[in-house]
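*Asks:* Next come a sequence and a model predicted from it.
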Amino acid sequence: MSTTLWKAGALGLALISPLGLVAQSSAEHGDPFMTISPSPTLNHYSPKKQVSGAFKIQSSEAFYPLITRLITDFQRFQPKVSIHVKIGNAKAVEEFLQPPLSKTGKILMVDDRASSFQLLATTHQLSDAETKEFAAQHGYAPTVVPIAVDAVALYVHKDNPLPGLTLDQVDALFSSTRKRGAKASLSQWGQLGLSDGWKDRSIQLYGRDRQSEARAFVKEYGLAGGEFRSDVHEAPGAASVAVDVSRDPMGIGYSALGLQASTVRAIPIAEKEGMPFVLPSRESVADQTYPLQHALCLYFDKPATSPLPDAVQEFLTFMMSREGEDVLLKAGLFPLPPTHAESRAIALGISTRDAAPMNP
């Protein structure tokens with residue numbers, strides 16, 4: 001079973017998963033979208049003091065709208081904190097793995113020194129090799145903090161009787177390389193057990209464009225790192241995929257979980273043949289039984305024994321508040337299960353309950 005597991009560790013909170021959730025703007029997800037309210041047990045962000053400082057966030061392109069919204073809302077409370085966001089996909093990870101500035105011999109300007117603390121916002125889980133590379137360069141492992149969970153669903157036309165798919169079948173449908181082991185591509189609905197008017201009809205494939213984290217996630221996990229078929233119709237927005245499938249009874253497409261429309265339906269997914277088919281839902285994401293989910297994480301370049309800079313600590317406190325969770329939910333993300341969220345906060349020395357709001 002593909003589950004995303006969380007545990008408190010010596011370095012904060014470690015993420016353990018078969019893959020490293022996607023953060024996309026609500027505009028990218030499209031409307032209508034599943035509505036989730038912030039947890040009523042979370043406290044409002046109520047800073048005890050005004051802080052100043054600067055730090056950098058390396059972010060994938062798809063995360064940029066979310067990160068900038070978090071920063072904008074945070075700076076209403078803490079206007080003296082400067083946060084520089086640099087966009088990059090694979091390069092963001094590469095730069096995060098580079099040796100610390102103190103070891104490069106580079107002469108830093110004052111502004112560079114102030115903003116040398118670095119975070120990486122990504123759905124990519126650092127591999128063992130990448131973690132070892134970071135540790136070799138820095139002398140300590142990176143700290144990783146899960147922020148929220150995202151999930152990808154497979155949508156078919158409302159009249160399509162397909163009962164569900166295994167991940168092997170997802171790979172055989174969308175991949176040209178079939179790294180999960182299928183002997184042949186799936187190109188007709190009859191190959192998936194449909195009969196009557198469906199049996200000899202060709203399957204039409206829909207998905208996200210190359211800028212989408214959803215596409216990257218499906219490629220890395222659903223296709224086991226393989227390549228997409230060239231005949232997948234790619235759309236720039238999550239809602240566009242649902243619209244395309246709603247207009248094509250022979251279509252199937254992947255997109256962000258949560259799109260609600262009477263003309264399409266999300267189908268159950270099984271990790272492997274013989275395992276339970278799980279319908280994507282808020283509940284199956286929360287209990288980690290739905291396979292196609294992953295986490296948005298922040299990686300820190302910080303020794304385990306060193307405290308976080310005040311500006312970073314306050315930014316994290318904001319993200320774990322009711323205001324921060326509201327930003328995440330509006331981006332189409334799912335909150336961490338309460339027990340995991342509480343463990344994350346405790347590991348970082350952050351209280352998530354019981355405070356009154358402070359007007360910015």
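*Replies:* Right, received. Where do you want to start? Fair warning: this is a prediction, and the values are worked out from it, not measured in the lab.
*Asks:* Let's see stretch 326-336 as PDB, backbone CA atoms only.
*Replies:* What follows is stretch 326-336 as a C-alpha-only set of coordinates in PDB (Å, rounded to 0.1, in the frame of the first residue of the first chain):
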ATOM      1  CA  ASP A 326      -6.800  28.800   5.200                       C
ATOM      2  CA  VAL A 327      -4.300  29.800   2.500                       C
ATOM      3  CA  LEU A 328      -3.300  26.200   2.000                       C
ATOM      4  CA  LEU A 329      -7.000  25.100   1.800                       C
ATOM      5  CA  LYS A 330      -7.800  27.800  -0.700                       C
ATOM      6  CA  ALA A 331      -5.000  26.400  -2.900                       C
ATOM      7  CA  GLY A 332      -6.700  23.100  -3.100                       C
ATOM      8  CA  LEU A 333      -4.500  21.300  -0.600                       C
ATOM      9  CA  PHE A 334      -5.600  19.000   2.200                       C
ATOM     10  CA  PRO A 335      -4.500  19.600   5.800                       C
ATOM     11  CA  LEU A 336      -2.300  17.100   7.600                       C
END
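*Asks:* okay, now the domains of this protein?
*Replies:* Following automatic domain parsing, the chain resolves into domains at 5-150+293-347, 151-286.
*Asks:* Quick one: distance of the first one to the chain centre.
*Replies:* The one in question is domain 5-150+293-347. 12 Å (Cα atoms, centre = their mean, to the nearest Å).
*Asks:* Likewise for stretch 167-174?
*Replies:* Per Cα atoms, centre = their mean, the centroid offset for stretch 167-174 relative to its chain is 21 Å.
*Asks:* Okay, buried residues for stretch 53-72 please.
*Replies:* 53-60, 62-67, 69-71 (16 or more other Cβ atoms under 10 Å). For the C-beta atoms, the positions are set from N, CA and C on the backbone; glycine is no exception.
*Asks:* oh sorry, the question was meant for stretch 263-276
*Replies:* 264-271.
*Asks:* Closest one of those to Gln188?
*Replies:* Ile267 (17.3 Å; Cβ to Cβ).
*Asks:* residues contacting that closest one?
*Replies:* Listed by Cβ atoms under 8 Å, 6 or more residues apart in numbering, the contact set of Ile267 reads 153-156, 162-165, 279.
*Asks:* And Phe300, its phi and psi?
*Replies:* phi -110, psi 140 (degrees, to the nearest 10).
*Asks:* any idea which helix or strand comes after the top strand by length along the chain?
*Replies:* When the chain is parsed with DSSP state E, its longest strand is strand 143-157. Using DSSP states H and E, the helix or strand that follows strand 143-157 towards the C-terminus is strand 165-166.
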